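fold the following and give me the result.
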Amino acid sequence: MKKTTGKKTAAAPAPGLKNPVKSSGHATQPPVIRITVRADIGFGNELAIRGNGAGLSWDKGVAMNCTGADLWSITLIGACTPVAFKVLVNDITWSTGEDFIALPGTDVTVTPAF
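Take a look at the predicted model:
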């Protein structure tokens, strides 16, 4: 017969699932990047973002949210590494210059040229 010590231990998560609680007892939050773009692209146009990491792809853009006359935003969830990205008008016309880089857990504001 096995002797018990009276200590309780947390049950292991089910196979294939990650435990959402840190050893401190607080739930972990996935890292996020908040990107704000300042660009006057004209009425009726939309901005999209392409890149690598946090669900982005260089092949197809993700629509950004228009939050003002010349202000667009998006929140990327699950960014564990730096994310390189470009902004496109109507997911067709690429912003000029180098890729923008955003680090996990940061708020980034960019003003691209087209």
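
give me the below-cutoff pLDDT ranges for the protein.
In the predicted model of the chain, residues 1-27 satisfy pLDDT under 70.

secondary structure element holding the spatially most central residue of the chain?
Taking Cα atoms, centre = their mean, the centroid of the chain lies closest to residue 76, which sits 1.7 Å from it. Residue 76 is part of strand 71-77, with elements assigned from DSSP states H and E.

send me that strand as CSV with only the CA atoms.
Only the C-alpha atoms of strand 71-77 are listed here, as CSV (Å, rounded to 0.1, in the frame of the first residue of the first chain):
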residue,chain,number,x,y,z
LEU,A,71,-6.2,55.9,-38.7
TRP,A,72,-6.2,52.1,-39.0
SER,A,73,-5.5,49.4,-36.4
ILE,A,74,-5.1,45.7,-35.9
THR,A,75,-4.2,43.5,-32.9
LEU,A,76,-2.1,40.5,-33.6
ILE,A,77,-2.5,37.7,-31.0
